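S.K.: just need the structure, nothing else, for what follows:
(one chain, ligands or ions: 2)
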Amino acid sequence: MSKRADAAPTAALGALLVEALRVTYRLPGGRGGTVPALRGISLTLPPNRILGLLGPNGAGKTTLIQTLLGFVKPSAGTVQIFGAAAGSRAARARLGYLPELPLFYPYLTGRELLDFNGRLFGLAPRVRRARAADLLERVGLTPAADRRLAAYSRGMLQRIGLAQALINNPDLVILDEPTSGLDPLGRLEVRRLISDLKTDGKTILFSSHELSEVELVCDQVAILSAGRLLRHGNPTDWQQPGESLEQLFVREIQADRAGNAA
Ligand SMILES: Nc1ncnc2c1ncn2[C@@H]1O[C@H](COP(=O)(O)OP(=O)(O)OP(=O)(O)O)[C@@H](O)[C@H]1O
Ligand SMILES: [Mg+2]
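M.R.: Ligands and ions are numbered 1, 2, ... in the order given. Alright, predicted model coming up:
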């Protein structure tokens, strides 16, 4: 048994374990207003899979992701990353994260940003330099590595965000809309990067509205609607003959909304 498995005896449960998760946001203003963003989500993800997280705007994708990261606290239920509580040091060490709207210090260069993030994880200077150079190459930013982020285009910022998500060599990579703002070539590169991460043994969870992309790269999808998990698994199990993932998605969401309205 490896040391890591010793350190996390529940790792056999999977890269991700979410049980009966509820998140209710309190609205500011003291009037007691609340938003039920997640209404009882349970799912598990074994290691070395790619999960696509789908759902209309406001379905709860970003909330779920932020709960996995420990940024948002569950109102009820549990979340574990390789057997460690979400937000714990042990969980954070194994996670990489690309936010929905990455914000970076504009005066840093791409290479400096990666170095800065490597320091936050306590990496030695030599390791930081080597990882930064490798990641810059993987996301196609080597020529712009020493340019300030203020001069990066939206797609370039998205790429450097992907690189910084990987600086700690995480086991579970969580990406909130990783292809938004990318041109078709950039999207293709991100898909390749995600597939390569799987080949390297990583587990990947990413949210997306680009269903044709999700279809190309994911082993599993989870469909959220209004804070509930409608489906989780391999979409080929629920697709009708000749149905695309987009058509399946629209069918599921419309059926859910019609059911809720009835
Ligand atoms: N900080 C917050 N305070 C109050 N309500 C919030 C907060 N963040 C999100 N919400 C609400 O929670 C629900 C889920 O939002 P969330 O951002 O998780 O959706 P999403 O699926 O990521 O949507 P999108 O596709 O637009 O990114 C929405 O009703 C949203 O208005
Ligand atoms: Mg979101």
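S.K.: what residues does this structure put near ligand 1?
M.R.: Tyr25, Val35, Ala37, Gly55, Asn57, Gly58, Ala59, Gly60, Lys61, Thr62, Thr63, Glu100 (CB under 6 Å from any ligand atom). (Each C-beta comes from the backbone N, C-alpha and C, glycine too.)
S.K.: and the residues you listed, which are buried?
M.R.: Applying 16 or more other CB atoms under 10 Å to those, the neighbour count classes Ala37, Gly55, Ala59, Gly60, Lys61, Thr62, Thr63 as buried.
S.K.: show me which of those residues neighbour ligand 2.
M.R.: Lys61, Thr62 (CB under 5 Å from the ion).
S.K.: nearest to Val190, of the buried ones among the residues of the chain next to ligand 1?
M.R.: Lys61 (17.2 Å; CB to CB).
S.K.: out of the buried ones among the residues of the chain next to ligand 1, which one sits closest to ligand 2?
M.R.: Thr62 (3.2 Å; CB to the ion).
S.K.: could the residues of the chain next to ligand 1 go into TSV alongside secondary structure and pLDDT?
M.R.: As requested, the residues of the chain next to ligand 1 are exported to TSV (DSSP: H, G, I helix; E, B strand; the rest coil; pLDDT from 0 to 100):
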residue	secondary structure	pLDDT
Tyr25	strand	94
Val35	strand	92
Ala37	strand	97
Gly55	coil	96
Asn57	coil	95
Gly58	coil	95
Ala59	coil	97
Gly60	coil	97
Lys61	helix	96
Thr62	helix	94
Thr63	helix	97
Glu100	coil	84
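S.K.: tabulate those in TSV, adding columns for distance to Pro178.
M.R.: Converted to TSV, the residues of the chain next to ligand 1 look like this (distance: CB to CB, whole Å):
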residue	distance to Pro178
Tyr25	25
Val35	26
Ala37	21
Gly55	16
Asn57	17
Gly58	20
Ala59	18
Gly60	18
Lys61	12
Thr62	13
Thr63	18
Glu100	10
